[in-house]
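Colleague: sequence plus the predicted model coming up.
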Amino acid sequence: MEIIKGGVTSAKGFRAAATAAGIKYQGRADMAMIVSKAPAVSAGTFTRNVVKAAPVKWDRQVVEKEQCAQAVVINAGIANAGTGAEGMEYCKKTAETVESVLGIPSGQVLVASTGVIGMQLPMEKLAGGIHAMAPTLSSSLESGHRAACAIMTTDTKPKEAAAIFEVGGKMVTVGGMCKGSGMIHPNMCTMLSFVTTDISISKELLQEALREDVEDTYNMVSVDGDTSTNDTVLLLANGMAGNAEICTKDGDYRKFVEALHYVNTTLARKMAADGEGATALFETKVIHADTKEHAKILAKSVICSSLSKAAIYGHDANWGRFLCALGYSGVVFDPEAIELFFQSKAGQIQIYKDGVSVGYSEEEATKILSEKEVTFLVDMKMGDEEAVAWGCDLTYDYVKINADYRS
């Protein structure tokens, strides 16, 4: 596998466009569209919040009932959640507008929205945006980048990733873009992720690959503990790489899974690092746990702790907060057997062993915790399983951003 520059237009046959439709924001692009030249096998995972936005309901129907999808329309600013039958009708009208403009069957059109809950979409602006984007669809990396910028809400930067690998003598590409900065605690944020690939693969294996990988990538991210009504990950595979269709979990399948995991992990980390008001990516890695599930629970307990997140913001090696978060996770362990460390580009320092502080240098610890990416390493001394979770520090700006989000 080779990491390359790019996003949703990196794979063969995928085009993208963006436009300023004026749905909520002014003076910036707020709509994007992804279109495959050929119908693409589709897969998706969606929010576990009982309150589901209209686009989530629409997309689940498309993914479950249709073999393929060919277009995705995304808007930023209004979530189309809590909008009742009218919100569902707007999903249908959006798909029908794409059909009238591009000739793609409405049943093969996916939709996604992000933004304020409870507001109805201005359908005339949404339709106008589709008409404006259609003639500008392009396979260029710049078009993909503009699309990644258009779907942002409180994000401060676009998020893209891509990789290539070889299958049966054919070069295959996986690329993607996502948005997410707040209301992020995926349990498949307001998290939207769109991944495209030109590989030929069965729908069953595509869905299985996505479902399994989401558990170790997007579902290991938390910014604020709030699971959105709109969480959506869509994966489209149009087969234009020309490889023989993958129908079994062979070596080619494993290559695809590796590339998919890279793209999803990269996007997940970028979301965590760009959490609302964040100044640092806060990673927790649990090693030598007795089970994979316990490792994941422990890691997420730490990155979800408000006190631990605040300590990262203050560059304060207050290890008691982190130990406490491990202790209330629900996993049973011996506190006197584990070892705790802080890591970053500035080095590594052990802070806890045999149930007590190791007498570390506060100055060195502060230096390590002052980097843009900080890892809290937990050695459970119980087995061979491990897991990684990603979050961010908790800052004053998080409260400021969310106190006036609607205005």
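Modeller: Cool, the structure landed.
Colleague: confirm I34 sits in a strand?
Modeller: Yes - under DSSP: H, G, I helix; E, B strand; the rest coil, I34 falls within a strand.
Colleague: any idea which element the spatially closest residue to it that is not a sequence neighbour lies in?
Modeller: Excluding the flanking residues, the one nearest I34 by Cβ to Cβ, 6 or more residues apart in numbering is V72, at 4.4 Å. C-beta: built from backbone N, CA, C; applies to glycine. Following DSSP states H and E, one finds V72 within strand 68-78.
Colleague: just the terminal-to-terminal distance for stretch 336-347.
Modeller: 24 Å (Cα to Cα, to the nearest Å).
Colleague: then stretch 1-12?
Modeller: Stretch 1-12: ends 17 Å apart by Cα to Cα.
Colleague: same deal with stretch 276-285?
Modeller: Start-to-end span of stretch 276-285 (Cα to Cα) is 22 Å.
Colleague: please enumerate the helices of this protein.
Modeller: Taking DSSP state H, the helices of the chain run over residues 54-65, 84-102, 123-133, 141-150, 203-216, 251-273, 292-303, 306-313, 319-327, 362-369, 396-403.
Colleague: list just the one of those that sits closest to A237.
Modeller: Comparison of these against A237 by Cβ to Cβ identifies helix 203-216 as nearest, at 5.5 Å.
Colleague: just how off-centre is the closest one within its chain?
Modeller: How far helix 203-216 lies from its chain's middle: 14 Å, per Cα atoms, centre = their mean, to the nearest Å.
Colleague: give me the buried positions along stretch 41-50.
Modeller: 41-47, 49 (16 or more other Cβ atoms under 10 Å).
Colleague: please write out the alpha-carbon positions of it in PDB.
Modeller: Taking C-alpha atoms only, stretch 41-50 is exported to PDB below (Å, rounded to 0.1, in the frame of the first residue of the first chain):
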ATOM      1  CA  VAL A  41     -21.800  -1.000  -5.000                       C
ATOM      2  CA  SER A  42     -22.700   0.800  -1.800                       C
ATOM      3  CA  ALA A  43     -22.200   0.200   2.000                       C
ATOM      4  CA  GLY A  44     -23.000   2.300   5.000                       C
ATOM      5  CA  THR A  45     -23.000   2.600   8.700                       C
ATOM      6  CA  PHE A  46     -25.200   5.000  10.600                       C
ATOM      7  CA  THR A  47     -25.800   6.600  14.000                       C
ATOM      8  CA  ARG A  48     -27.100   4.500  16.900                       C
ATOM      9  CA  ASN A  49     -28.900   7.500  18.300                       C
ATOM     10  CA  VAL A  50     -32.600   6.600  18.600                       C
END
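Colleague: hmm, who's touching that stretch?
Modeller: 52-53, 56, 59-60, 62-63, 66-69, 110, 186-188, 201-203, 206-207, 209-211, 214, 218, 227-239 (Cβ atoms under 8 Å, 6 or more residues apart in numbering).
Colleague: quick revisit: out of the helices of the chain, which gets nearest to R15?
Modeller: Nearest of these (Cβ to Cβ): helix 141-150, 6.8 Å.
Colleague: list the buried residues for that closest one?
Modeller: 141, 143-150.
Colleague: same question for stretch 263-281.
Modeller: Quick answer for stretch 263-281 (16+ other Cβ under 10 Å): 263-281.
Colleague: tell me who's in contact with the residue nearest to I34.
Modeller: 33-35, 109-112, 194, 234, 236.
Colleague: show me the shaky parts of this structure.
Modeller: 181-190, 223-228, 401-402, 404-407 (pLDDT under 70).
Colleague: what about the residue in it sticking out farthest from the centre, distance to A365?
Modeller: No residue in the chain sits farther from the centre than G359, which is 38.5 Å out by Cα atoms, centre = their mean. Distance, G359 to A365, using Cβ to Cβ, to the nearest Å: 11 Å.
Colleague: cool, M382 as well?
Modeller: 26 Å.
Colleague: and what of G115?
Modeller: With Cβ to Cβ as the criterion, G115 and A365 are 40 Å apart.
Colleague: just put the helices of the chain in TSV and tack on distance to Q26.
Modeller: Below are the helices of the chain laid out as TSV (distance: least, Cβ to Cβ, whole Å):
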stretch	distance to Q26
helix 54-65	23
helix 84-102	21
helix 123-133	12
helix 141-150	14
helix 203-216	34
helix 251-273	25
helix 292-303	35
helix 306-313	32
helix 319-327	42
helix 362-369	39
helix 396-403	19
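Colleague: out of those helices, nearest to A18?
Modeller: Nearest to A18 among those is helix 141-150; the distance by Cβ to Cβ comes to 3.8 Å.
Colleague: and the closest one with strand 68-78, angle?
Modeller: 50 degrees (axes from the mean of the first three to the mean of the last three Cα atoms, to 10 degrees).
Colleague: got the contact list for helix 141-150?
Modeller: Here helix 141-150 has contacts from 5-10, 15-19, 28-34, 74, 76, 136-137, 158-160, 175, 177, 179, using Cβ under 8 Å, 6+ apart.
Colleague: in the sheet, which residues pair with the residue nearest to K203 when sequence neighbours are not counted? Tell me.
Modeller: Setting aside the residues directly before and after it, K203 is nearest to V41 in space (Cβ to Cβ, 6+ apart), at 4.8 Å. Counting by DSSP bridges, V41 is bridged to C68, A237.
Colleague: where's V41 relative to N75, distance?
Modeller: On the measure of Cβ to Cβ, V41 and N75 end up 25 Å apart.
Colleague: now stretch 360-367, how far from the chain's geometric center?
Modeller: With Cα atoms, centre = their mean, you get 33 Å for stretch 360-367.
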